[in-house]
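Asks: Provide a 3D model corresponding to the input given below.
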Amino acid sequence: MKNSKFLRLAPWVVALVALLVVPFTASGYITALFLSLLMYVTLAYGWNIISGYTGYVSFGQVAFFGVGGYTCAILAKGGVHWLVGSLVGGLVAGLLAILLGLVMLRLKGAYFAVGMLGLTQLFVALAGALKRVTNGSTGIFLPPSLTLVPVYLTMLGLALAAIIGTIFLHRSAFGLRLMAIREDEEAAESLGIHTTVYKIIAFSISAVIVAIAGGVMTWYVSFIDPQSAFPASLNLTMVIMAVFGGPGTVWGPLVGATSLGLIAELLWARYPGLYLVIYGIILLLIILYIPRGVVPSLGDFLRRRGEPVRKRRSGAVA
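Replies: So this is what the prediction gives:
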């Protein structure tokens, strides 16, 4: 029993050790690449909580990315450590998500998705208008990071926390209630589940994860303005990566973020003029032929392969 547990954990331990040594042994380019992948993993897991498990597909979680980034930048300008600023940004985004959730989560389906998209544009406008706080379109400049190591290790810790949290969520009563809301919200209410409360909690947790990542990346980039704080491309990327891997699954965001992140980097390096076209074609093929995502489709395939073996064993026993 102990040996089997060790064998299951060994690959994960090796992967974690490899990730830990990256900023100390690899080049700056490789470290920056892995930092980006860890950010994508974190954002995909954050989106997965409200959209994958709860079923409220959001096209506006990047709004909280910007809130976290601006909070970190403003506090860092005032002398607060960037890590503290990032955590405070997560707290601010979580509280904001509770307030917004009381309104936004009354919408369902496409109305919620479009509403969140509009909310992001509202945040862009506010960031540009509040010049005394955000410095408007000029943006906020921060001291450049002299080393990637602290930022990288922080993002690695955040990604691990998102993964471990999702594992516990998937196995918990809270996670089962979220999945019940996703499958049939009215039926969940009839069973005594306070759907509004659970939706707001999921929305807030998702916002916290995304916002902390926004704060860390703002310190890494050393600059933030309305356009870089709320990039539509980043919002679409986190959605695509989670959907590709398999929304509402434990390992889907990890598979989607790492595989698509590496594919995008390789295409950009080899075909800088065409990589967006090629990337788009690949995504289109994936959506057409693997609509449920890689992880659920792979699970179905393995189960089908295992059925003949189980039938032969049961026949032999009979």
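Asks: so where do the strands sit in the stretch 1-150 of the chain?
Replies: Secondary structure of the stretch 1-150 of the chain (DSSP state E, counting those that start in this stretch): strands at 140-141.
Asks: can you point me to the longest helix in this structure?
Replies: In terms of residue count, the longest helix belonging to the chain (DSSP state H) is helix 195-221.
Asks: avg pLDDT for it?
Replies: The average pLDDT within helix 195-221 is 96.
Asks: got the phi and psi for G293?
Replies: G293 adopts backbone torsions of phi 100, psi 160, taken as degrees, to the nearest 10.
Asks: residues contacting it?
Replies: G293 makes contact with V243, F244, G245, G246, P247, T249, G252, G256, according to C-beta atoms under 8 Å, 6 or more residues apart in numbering. The way it works is simple: take the backbone N, C-alpha and C, and place the C-beta from them, glycine included.
Asks: about what we covered before: helix or strand next in line after the longest helix of the chain, which one?
Replies: Sequence-wise, the next helix or strand downstream of helix 195-221 (DSSP states H and E) is strand 223-224.
Asks: by contact count, what packs against that following strand?
Replies: Packing partners of strand 223-224 (3 or more C-beta pairs under 8 Å, 6 or more residues apart in numbering; DSSP states H and E): helix 62-77, strand 140-141.
Asks: for whatever helix or strand comes next after that strand, packing partners?
Replies: As assigned by DSSP H and E, the chain's next helix or strand after strand 223-224 is helix 226-229. Judged by 3+ C-beta pairs under 8 Å, 6+ apart, helix 226-229 is in contact with helix 62-77, helix 110-129, helix 195-221.
Asks: can you say which of those helices is nearest to G28?
Replies: Closest of the helices and strands packed on helix 226-229 to G28 is helix 195-221, at 12.2 Å (criterion: C-beta to C-beta).
Asks: now do that closest one against helix 62-77, angle only.
Replies: 50 degrees (axes from the mean of the first three to the mean of the last three C-alpha atoms, to 10 degrees).
Asks: so which elements touch helix 195-221?
Replies: Under the contact criterion of 3+ C-beta pairs under 8 Å, 6+ apart, helix 195-221 touches helix 28-47, helix 62-77, helix 82-104, helix 149-171, helix 173-183, helix 185-190, helix 226-229.
Asks: any idea how far that helix is from the chain center?
Replies: Distance of helix 195-221 from the chain centroid (C-alpha atoms, centre = their mean, to the nearest Å) equals 9 Å.
Asks: can you list the buried residues in that helix?
Replies: Neighbour counts over helix 195-221 (16 or more other C-beta atoms under 10 Å) mark 195, 198-220 as buried.
Asks: what does stretch 276-295 give?
Replies: Neighbour-count burial for stretch 276-295, counted by 16+ other C-beta under 10 Å, picks out Y279, I286, I290, G293, V294, V295.
Asks: what's the lowest-pLDDT member of those residues?
Replies: Lowest confidence among the buried residues of stretch 276-295: Y279, with 72.
Asks: phi, psi for that one please.
Replies: The phi/psi pair for Y279 (degrees, to the nearest 10) reads phi -60, psi -40.
Asks: for it, list the residues it contacts.
Replies: Neighbour list for Y279: I263, A264, L267 [criterion: C-beta under 8 Å, 6+ apart].
Asks: among these, which lie within helices?
Replies: Short answer: those in helices (DSSP H) are I263, A264, L267.
Asks: for T147, see how far away the second one is.
Replies: In other words, A264. For A264, the distance to T147 (C-beta to C-beta, to the nearest Å) stands at 26 Å.
Asks: ok, back up a step: so of the helices and strands packed on strand 223-224, which one's packed in deepest?
Replies: When those are scored by mean count of other C-beta atoms under 10 Å, the highest mean neighbour count falls to helix 62-77 (a mean of 27).
Asks: just the mean pLDDT for it, thanks.
Replies: In this model, helix 62-77 has a mean pLDDT of 96.
Asks: right, I'll leave it there.
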